[in-house]
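Visitor: Fold the following for me, if possible:
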Amino acid sequence: KPQEQIGTLELTNPYTSNPSDTNRSEKSEALVEQPKPITADTVLPRAQWTLAFNLTTTQDHQAPSIGSNAEDARVYAGARNKTAELLELAATTVGKPVTLVVQNAQKPESNETSPTTDNNNNNQIIDGQAQASLSASAKDSGTSGMLIHTYLIHDGQIRELPTRPSQGVAADTEALLNIAGRQAPSEHLALFAQGHGGGPHGVSGDTGRATLAEMDAAIKNGLASSGRDKLDLVDFDACSMGNAAVLSAVASRADNIIASPEMETAGGEDIDAQNVRAIVGAVLSNPAMNGHELGQKIIDLAAQGANG
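Guide: All right, here's what the predicted structure looks like:
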């Protein structure tokens, strides 16, 4: 059957701009496929690769430089920016044996992450075209007060799971891998873990902190649903994670590990730590590559200046 044309809607992207901001970037005007709600019972077709992005820990935007106008200098970085990029890549997945599972965290009451909120007591939040009634109380949104949004992107379609409270960095990582294993089956599985890296002290961010031991357990438990013992690749998109303590802690959980011993810079669209567009594009161009080949490609992209 010929591939049907997938329609697109012009949506305000809640992760990169405020709808009242007249200086928003062109990226916020991108055409993205309307997210479709799904349940935990939905299983996507088996793919060659599932790329799982845990973007739950770094939602804040880059602080303006000294002497600049605060509003004019607003440059979104980290998870907010990367979620937008990944949603906008949905159209490029048509006909490709690749699934993206993207997870981020948002505050229940925030114009930063929601283009529209009503003024009644229902706290109705519209996120793109996905809509849910959410409580703004911390008890309903985990100890961090953040809510997890999870998107499954496959064959040009964006599907959104029901929003759930964040349970912290490690538990959210485990949940992401559980979803990837159960609902996005594939031959190869890679985890991209973004956050504030602390080397031997683990990772931290808006949803809390996790030690290396907790991250190790989270990956192990998250893989159980797919019957895997290891990831094909884990990529720490974070500062200072390329050291012996980190590698020792996760060596038994992944065949290939990408990590930097240096600081990663997040300065907006041109410099935003690792370039997820380039990484996803490489997999879409060659989904037959294995974990080692993908890891080498990520390193090559960095050496070629893809990360800014």
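
Visitor: so who does Ser86 touch?
Guide: One thing to correct before we go on: residue 86 is Leu, not Ser. Phe53, Leu100, Val102, Tyr151, Ile153, Val276, Val280 (C-beta atoms under 8 Å, 6 or more residues apart in numbering). Placement of C-beta: from N, CA and C, glycine included.

Visitor: So which of those residues belong to strands?
Guide: Under the assignment DSSP state E, the contacts of Leu86 contribute Phe53, Leu100, Val102, Tyr151, Ile153 to strands.

Visitor: of the residues you listed, closest to Ile298?
Guide: Ranked by distance to Ile298 (C-beta to C-beta), these are led by Phe53 at 13.5 Å.

Visitor: Quick check: the closest one touching Val101?
Guide: Yes: Phe53 is within contact range of Val101, at 6.9 Å (criterion: C-beta atoms under 8 Å).

Visitor: what's the single longest helix in this protein?
Guide: Counting by DSSP state H, the longest helix found in the chain is helix 169-183.

Visitor: from the ones in strands among the contacts of Leu86, which would you call buried?
Guide: Neighbour-count burial (16 or more other C-beta atoms under 10 Å) applied to the ones in strands among the contacts of Leu86 gives Phe53, Leu100, Val102, Tyr151, Ile153.

Visitor: okay if I get those residues as JSON lines plus distance to Gln296?
Guide: Output for those, formatted as JSON lines (distance: C-beta to C-beta, whole Å):
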{"residue": "Phe53", "distance to Gln296": "20"}
{"residue": "Leu100", "distance to Gln296": "21"}
{"residue": "Val102", "distance to Gln296": "24"}
{"residue": "Tyr151", "distance to Gln296": "28"}
{"residue": "Ile153", "distance to Gln296": "24"}
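
Visitor: Tell me the one of the residues you listed nearest His188?
Guide: Leu100 (13.2 Å).

Visitor: Quick check: closest non-adjacent residue to the closest one.
Guide: Ile153 (4.0 Å; C-beta to C-beta, 6 or more residues apart in numbering).

Visitor: Report pLDDT for the one you found.
Guide: At Ile153, the model reports a pLDDT of 97.

Visitor: now swap in the one 5 residues further on and tell me
Guide: You'll see Ile158 listed with a pLDDT of 96.

Visitor: check contacts around Ser229.
Guide: For residue 229 the amino acid is Asp, not Ser. Shown in contact with Asp229 (C-beta under 8 Å, 6+ apart): Leu223.

Visitor: what is the rounded mean pLDDT of stretch 196-209?
Guide: Over the span of stretch 196-209, the pLDDT mean works out to 89.

Visitor: Against which helices or strands is the longest helix of the chain packed?
Guide: For helix 169-183, the packing partners by 3 or more C-beta pairs under 8 Å, 6 or more residues apart in numbering; DSSP states H and E come out as strand 47-55, strand 98-106, strand 147-154, strand 186-194, strand 203-205, strand 208-210, helix 212-223.

Visitor: any low-confidence regions in the stretch 101-250 of the chain?
Guide: Residue ranges of the stretch 101-250 of the chain with pLDDT under 70: 109-143.

Visitor: 50 instead, please
Guide: Per-residue confidence for the stretch 101-250 of the chain (pLDDT under 50) gives these ranges: 110-142.

Visitor: quick one: Ala170 and Ala213 touch, right?
Guide: No: the criterion here is C-beta under 8 Å, and Ala170 misses it with Ala213 at 9.2 Å.

Visitor: More neighbours: the two, which one.
Guide: More crowded of Ala170 and Ala213, by other C-beta atoms under 10 Å: Ala170, with 24 against 11.

Visitor: Next, the contact list for the more buried one, please.
Guide: Ala210, Glu214, Met215, Ala217, Ala218.

Visitor: Show me which of the residues you listed is closest to Lys297.
Guide: The nearest member of the contacts of Ala170 to Lys297, counting by C-beta to C-beta, is Met215 at 24.0 Å.

Visitor: what about the closest one, how many neighbours?
Guide: Met215: 24 surrounding residues under other C-beta under 10 Å.

Visitor: What distance do you get for it to Glu174?
Guide: Distance, Met215 to Glu174, using C-beta to C-beta, to the nearest Å: 9 Å.

Visitor: for Ala190, same thing?
Guide: 16 Å.

Visitor: Thr96: what's its closest spatial neighbour, skipping adjacent residues?
Guide: Small correction: residue 96 is Lys, not Thr. Once flanking residues are discounted, Lys96 sits nearest to Leu284: 5.1 Å by C-beta to C-beta, 6+ apart.
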